[in-house]
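>>> Here's a sequence, model it:
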Amino acid sequence: MKLVPLSDRVVLKQLEAEETTKSGIILTSAAQEKPQDAEVVAVGPGGVVDGKEVKMQVKEGQKVIYSKYAGTEVKLEDEEFISRFKFHSAAKSVHHGFVGGLLEHTLGVTKLCDYYCTAYPVLNRDLLLTAAMCHDIGKIKEISPFPENDYTDDGQLLGHIVMGAQMVGEKAAGIEGFPHGLLSELQHCILAHHGKYEYGSPKVPALIEAMALNYADDTDAKMETFKEILENNSDNNGWFGYNRLMESNLRSTRG
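Sure, this is the predicted structure:
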């Protein structure tokens with residue numbers, strides 16, 4: 001999402017303050033505080049102030065220095081989260097266990113849920129699509145980044161389902177007036193998206209949106225798993241053997 005400033009306003013992106021000078025002197029936090037460097041990311045069209053036309057003197061992409069208290073500070077996007085989410089895997093080994101797998105899996109689940117909303121209008125589309133996009137965000141904490149791609153201590157002790165619900169709760173807490181009932185429904189969808197206690201869900205689906213999310217998640221995970229099995233056995237025209245996840249002996253389609 002891009003902010004579009006009105007009148008004579010501009011949008012600045014704060015640049016990271018240098019922690020060390022070129023000569024090797026470490027700057028204290030107080031020394032880093034003022035002035036601050038920023039990049040101009042959006043410029044308003046100009047306006048009229050006290051009857052005089054104001055022409056904008058900066059352009060997008062320029063670097064400027066500004067006072068910390070000169071404007072209103074907003075947090076538009078969590079760039080660290082976005083970077084980690086796009087790079088992360090969706091699992092250690094079962095499905096989408098590759099760079100970008102988490103994003104690919106999330107998109108697949110969201111597309112399925114979008115179709116469900118068309119086929120079953122009873123579904124709350126806003127709730128279901130939001131839950132689909134957020135259902136696995138806890139995996140950026142459950143699994144370490146590549147090249148390690150292994151379970152973290154929090155991943156072993158808490159799991160991505162609980163941590164994902166917590167992350168959504170923390171973000172909602174920063175939005176004044178966020179409806180408590182809506183938050184509970186969203187968190188429930190996340191907590192129940194594995195469908196059964198024995199599959200790691202602390203809750204089973206109690207909402208139709210939670211049930212739809214469970215089926216979409218299961219479908220995308222199993223279809224990707226089967227696709228990877230077929231790719232790894234492309235020269236095998238026989239049976240591949242028993243697969244624990246599918247609970248069946250598998251082979252490719254013939255004819």
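>>> Please count neighbours and contacts with C-alpha atoms only from this point.
Will do.
>>> Can I get stretch 182-200 as CSV, trimmed to CA atoms?
Coordinates of each C-alpha in stretch 182-200 appear next as CSV, following Å, rounded to 0.1, in the frame of the first residue of the first chain:
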residue,chain,number,x,y,z
LEU,A,182,-13.6,-10.1,15.2
LEU,A,183,-10.1,-10.7,16.7
SER,A,184,-11.4,-13.8,18.5
GLU,A,185,-12.9,-15.2,15.3
LEU,A,186,-9.7,-14.5,13.3
GLN,A,187,-7.5,-16.1,16.0
HIS,A,188,-9.8,-19.1,16.2
CYS,A,189,-9.4,-19.7,12.4
ILE,A,190,-5.6,-19.7,12.9
LEU,A,191,-5.7,-21.9,16.0
ALA,A,192,-8.0,-24.4,14.3
HIS,A,193,-6.5,-24.5,10.8
HIS,A,194,-5.0,-28.0,11.2
GLY,A,195,-8.4,-29.3,11.9
LYS,A,196,-7.8,-31.8,14.7
TYR,A,197,-6.0,-32.0,18.1
GLU,A,198,-3.9,-34.9,16.9
TYR,A,199,-2.7,-32.7,13.9
GLY,A,200,-1.4,-30.0,16.2
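>>> For that stretch, give me every contacting residue.
By CA atoms under 8 Å, 6 or more residues apart in numbering, the surrounding residues in contact with stretch 182-200 are 127, 130-131, 134-136, 161-162, 164-165, 168-169, 172, 201-205, 207, 209-211, 213-214, 217-218.
>>> Give me the buried entries from these.
127, 131, 134-136, 161-162, 164-165, 168-169, 201-205, 209-211, 213-214, 217 (16 or more other CA atoms under 10 Å).
>>> out of the residues you listed, which are inside helices?
Judged by DSSP state H, the subset of the buried ones among the contacts of stretch 182-200 located in helices is 127, 131, 134, 161-162, 164-165, 168-169, 209-211, 213-214, 217.
>>> which residue lies farthest from the center of this protein?
Here the chain reaches farthest from its C-alpha mean at residue 51, the gap being 46.1 Å by CA atoms, centre = their mean.
>>> ok, that one - contacts?
Applying CA under 8 Å, 6+ apart, no residues contact residue 51.
>>> Quick check: the gap between it and residue 71.
23 Å (CA to CA, to the nearest Å).
>>> Repeat that for residue 189.
38 Å.
>>> before we move on, what about residue 55?
For residue 55, the distance to residue 71 - CA to CA - is 19 Å.
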